[in-house]
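# Dropping the sequence and predicted coords here.
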Amino acid sequence: MASTSKANLTEEEEGEEEEEEEDEEEEVQHFDDFTLASSWERFISEIEAICRQWLADGPKNLLEKGAVHLDSSKNMYKVKSELKHATKIYSMEYYFEINNNGKIVDWNSTLHDMQLCFGVKEFLVILPQSANGVVLDAPEASKLLSAVAIALSNCSSLWPAFVPVHDPSRKAYIGIQNMGTVFTRRFEADRIGSQVPIKFMHLEGLYELFVSKFAYSTLDHSMHLFKVNLIMKLTYQTLPDDDDDDDIQEADAENAESEASAGGDNRNRKHWDDDCPWSEWYSAENPVKGFDLITTWSEKMVENSLEMAEMENSSPHDAEKWILAPNIDCSKGERIGFASQLQLLVSALDMSFEVQFMEDFVSVETSGSDNLKSSMVIPPPTVLDRVLKDLFHQGLQFPDFAKGERKSSRAIKGAPVESLFAQFCLHSLWFGNCNIRAIAVLWIEFVREIRWCWEESQPLPKMSANGSIDLATCLINQKLQMLAICIEKKRELNEEFQDCIGSNDDVSTDMEVMTTFCLEDIQVREESTNFHAQSQGFDGKRDSPLTPEVLREPKTVISKFSKNSEDVVSANKSPSDSIRRGSAGPVGSMKLLKSYQSLHAPYTQDAPLMTEDMHEERLRAVEAFGDSFDFSAQLERDTLSSDMSSFKAANPDAVFEDFIRWHSPGDWENDESEANGPSKNRTEGMKDDWPPRGRLSQRMSDHGNLWRQIWNDAPVLPAYEQKPLLDPTREGEKILHYLETVRPHQLLEQMVCTAFRASADTLNQTNFGSLSQMTAKMDQLYITMASALRPLQVNLLSGNSETIEDLRRLCVVFEHVEKLLTLAASLHRKFLQTPRIAEAIFSDYYNFYLPTMGIGSADVDVQKLDAEEEFDMKLQLRMNERQVVSNMFSPPTANQSWRKVLSMGNLLNGHEPILREIIFSMRDSATGSHYAASSPRGYQQDIETYRMYIGGTSNDLRVALSVTSYD
């Protein structure tokens with residue numbers, strides 16, 4: 001049995017050996033050279049094969065095969081391949097540029113770290129696939145570097161190769177580059193992360209460090225001359241966030257205590273946007289987090305360390321170039337602003353269809369109220385009182401409704417930003433985080449305050465009590481405007497009533513005086529008023545005989561004497577029969593038909609004001625009864641009767657035809673003789689033209705005409721004795737009833753339209769200079785809002801409507817514009833004296849941010865939608881712009897100075913650079929030197945024999961050295 005088992009084992013071993021031999025044969029078949037004897041040579045051969053493939057493909061083909069773009073460099077790409085040697089797996093990476101015709105040392109461009117340190121363009125990096133990615137063993141690093149160098153030499157490639165060594169935090173490398181058949185270049189880099197020697201904190205010590213690499217160690221470097229080329233870049237950084245306003249805060253700090261003790265309302269400036277229009281509602285984070293100022297010195301030759309000491313004491317203003325790099329916040333996190341609150345208001349609109357009245361959202365018995373109470377918090381009463389005080393008790397100054405308003409905002413059926421309802425909507429955005437219960441509570445208290453103003457006859461704040469109703473605004477604003485007018489009318493009636501009680505005993509005396517004055521002066525007064533009327537240009541139309549300025553003066557007399565001072569007696573009749581009352585003056589040369597008297601235009605009552613819903617109700621009535629002329633007159637009966645009464649009082653001898661000639665000239669058909677106009681001789685012409693010849697139109701001549709019936713029934717009363725056409729008490733109570741019973745979704749629809757419009761108008765007041773892109777963006781926002789809000793303006797919205805989703809998308813668009821506007825305002829205020837800088841930065845950021853807004857364009861890379869990408873821009877400054885940027889680096893305060901001991905030179909207003917980068921180099925000619933013995937003719941040029949890159953600060957120093965030698 002034992003022998004049998006041994007035999008079986010032997011057979012198995014032989015089978016395994018045969019399989020291994022077959023595997024080796026298969027591996028060997030992959031190589032052209034079957035004489036390779038070691039794994040080391042196979043490793044070199046694999047590297048060589050990969051390099052040959054990359055050389056053959058070239059940059060364009062490598063891009064097509066999936067080369068990866070590096071975020072740290074604009075034009076740098078990378079491809080990699082895995083290699084196995086012994087038990088370890090290595091990764092070889094090839095870095096290359098598409099356009100590599102530029103200079104290596106270009107501070108303006110974004111160079112890869114290896115390019116900057118060693119002055120190379122394209123290069124290889126080979127590293128082990130391990131956790132730290134570096135080679136910790138020095139012999140292994142040398143072996144890897146040798147393998148890559150041999151492979152590149154076999155390929156006739158001039159690529160430099162690097163191997164990372166030591167600890168990853170040191171960013172240490174060793175490298176080699178075959179520069180042809182003559183020269184070899186070797187690289188080495190390392191970093192000191194802490195405890196930098198004091199000598200290396202200064203330019204003089206760094207210069208001596210470079211010189212020590214090629215000079216004899218026994219020499220005193222400060223006493224010998226070495227022609228070293230030098231270029232330098234210093235980077236300064238402004239204080240982060242809002243620290244650039246510290247100087248303003250400290251300037252005001254001395255007055256803070258005295259102002260507080262005096263009880264003044266002035267408050268110190270604590271944030272960057274305190275003077276921006278949105279600061280009343282929220283404080284925005286400054287999108288400009290700071291600036292990096294890069295100053296560069298052009299190449300110069302230094303011969304000793306004393307020159308370096310002088311250079312360290314020089315001012316940054318001596319630098320050849322100043323380059324400004326803004327640090328703009330590109331994070332897409334949730335930010336507080338109008339857009340975020342408008343989105344909450346849209347959500348409240350979506351919930352408003354659940355109940356019938358606003359009180360239902362507050363009532364405990366409402367179904368689902370527990371859920372509402374748990375998720376929606378109502379602010380405490382103190383907050384509510386503060387909001388109501390701001391709305392109703394901050395003075396009654398007449399608001400400027402045109403402030404911040406664009407013409408395009410009129411297309412949005414909301415309320416002007418300074419009006420009462422618009423201010424209520426803006427407060428609602430921030431009251432209780434704009435939840436539906438908080439809005440309901442605020443609205444109920446808001447209506448209670450309005451009722452108090454009505455009952456106490458107090459003027460309605462932030463509302464105009466003059467003029468007509470603006471039908472381009474939302475219905476609630478129209479109602480509030482009409483209520484303000486009703487309150488004013490109510491106050492006037494109360495004042496007149498009190499005046500009448502107090503002056504009742506003097507009425508008869510005043511009447512006797514007025515009558516005597518009129519009789520004695522009738523001839524002179526009539527003639528003078530005729531000439532005055534001609535100069536005023538009466539044309540016989542009802543609504544334009546006198547301007548409001550002229551009409552206002554007689555009304556003052558009416559309220560004073562109870563009889564109009566224009567009440568005069570006709571020339572041809574007794575005073576008792578023909579006293580004119582309420583006359584505003586004759587209408588040109590028009591004469592009455594039945595007597596040779598001038599036709600006078602009466603003072604009339606204003607037409608009763610109507611809101612949009614009242615107009616719609618009247619239109620529906622007209623549509624129901626057809627286009628009847630009599631029905632239209634019936635609707636206007638009160639107004640028509642008032643005008644006829646006023647006309648009769650101003651023209652005692654007038655007939656119905658006279659009223660038609662004045663009120664509705666189109667319904668009086670003149671004969672040719674009167675149509676030709678009056679005679680040139682005024683006195684004779686008036687006699688010849690009388691009586692006027694003409695006739696009524698067909699519709700006015702019909703039997704049973706309603707206008708004639710109204711004329712016959714109209715009493716002879718001037719406007720000041722008539723019952724007002726507008727009943728302020730009745731209309732005021734109707735308005736309050738509407739406000740108290742308005743449906744929640746109708747209220748929220750108007751609130752959404754008004755809030756969007758008011759928010760945009762508030763942002764529109766921002767001063768951002770002449771940024772044309774921002775101006776165009778604001779115009780586009782108004783157009784987009786008008787389109788998205790149109791369904792709300794025509795009451796087409798219903799529960800679960802697609803319009804809600806459109807409104808949410810509108811909030812996103814609004815957020816983008818708000819973000820851009822905040823940036824524009826911040827840049828404008830920082831560069832008031834140099835607007836070119838603000839325009840250049842904003843233009844670049846606008847193009848960078850454009851794809852995020854969902855607009856896109858042909859010249860914008862879609863990859864910019866990546867949330868991780870940062871805005872990178874460098875702007876070269878002009879000489880006249882340097883002082884403005886320099887002023888941004890305000891001198892450190894006493895508190896800031898002691899925190900850090902300044903260890904470096906080249907201070908800018910007391911600020912040392914956050915990064916100092918220097919490149920030392922030394923060149924030698926291949927002709928006439930120790931390099932020239934066997935140098936081919938192609939190398940009859942200067943060779944950069946030594947190059948050292950030094951970057952860092954007083955606490956961090958990185959040094960990279962490259963040395964060229966002749967092999």
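Arrived safely, thanks for sending.

# host element of the residue most central in space within the chain?
By C-alpha atoms, centre = their mean, the chain has its centre lying nearest to Leu821, at 2.3 Å. Leu821 is located in helix 802-830, with elements delineated by DSSP states H and E.

# quick one: buried residues of that helix?
Buried residues in helix 802-830, counted by 16 or more other C-beta atoms under 10 Å: 803-804, 807, 810-811, 813-830. C-beta here means a position set from N, CA and C on the backbone, and glycine is covered the same way.

# Check the offset of that helix from the chain's centre.
Remark: helix 802-830 is offset 6 Å from the chain centroid, using C-alpha atoms, centre = their mean, to the nearest Å.

# I'd like the next helix or strand past it.
Following helix 802-830 in sequence, per DSSP H and E, is helix 835-849.

# Show me the helices in the stretch 651-800 of the chain, by range?
With DSSP state H, counting those that start in this stretch as the criterion, the stretch 651-800 of the chain has helices at 656-663, 672-675, 682-688, 698-701, 706-713, 728-741, 744-764, 772-793.

# In contact with the residue nearest to the centre of the chain, which residues?
Shown in contact with Leu821 (C-beta atoms under 8 Å, 6 or more residues apart in numbering): 763, 766, 768, 774, 777-778.

# Select from the residues you listed the one having the most neighbours.
Most neighbours among the contacts of Leu821, by other C-beta atoms under 10 Å: Leu763, with 23 neighbours.

# Excluding sequence neighbours, find me the nearest residue to it.
Leu821 (5.5 Å; C-beta to C-beta, 6 or more residues apart in numbering).

# Wait, Phe214 touches Tyr946, no?
Yes. Between Phe214 and Tyr946 there is a contact under C-beta atoms under 8 Å: 5.5 Å.

# Quick check: neighbours shared by the two?
Common neighbours of Phe214 and Tyr946 are listed as Met922 (criterion: C-beta under 8 Å, 6+ apart).

# More neighbours: which of those two?
Neighbour count, other C-beta under 10 Å: between Phe214 and Tyr946, Tyr946 has more, with 19 against 13.

# and the more buried one, which of the three is it?
Here Tyr946 is strand, with the state taken from DSSP: H, G, I helix; E, B strand; the rest coil.

# Can you name the residues that contact it?
Counted by C-beta under 8 Å, 6+ apart, Tyr946 has contacts 210, 213-214, 920-922, 961-964.

# quick one: which of those is nearest Thr238?
Lowest distance from Thr238 to the contacts of Tyr946 (C-beta to C-beta) belongs to Phe920, with 29.4 Å.

# Any buried residues in the helix or strand the closest one falls within, and which?
Phe920 belongs to strand 915-925 when assigned by DSSP H and E. Going by neighbour count (16+ other C-beta under 10 Å), the buried part of strand 915-925 is 916-922, 924.

# and if you look at stretch 467-476?
469-470, 473-476.

# Same list (those) but as TSV, adding pLDDT.
Output for those, formatted as TSV (pLDDT from 0 to 100):
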residue	pLDDT
Ile469	89
Asp470	90
Thr473	92
Cys474	93
Leu475	94
Ile476	95
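
# Out of these, which sit inside helices?
Filtering the buried residues of stretch 467-476 for membership in helices, criterion DSSP state H, returns 475-476.

# closest to His427 among the buried residues of stretch 467-476?
Set against His427, the nearest of the buried residues of stretch 467-476 by C-beta to C-beta is Ile476 (14.6 Å).

# could you list every residue that touches that closest one?
Counting by C-beta under 8 Å, 6+ apart, Ile476 touches 415, 421, 739, 742, 747, 750.

# quick one: which of those residues has the most company?
For the contacts of Ile476, neighbours tallied by other C-beta under 10 Å; top is Ala415, 31 neighbours.

# What's the biggest strand in the protein, counting residues?
Identified as the longest strand of the chain according to DSSP state E is strand 288-302.
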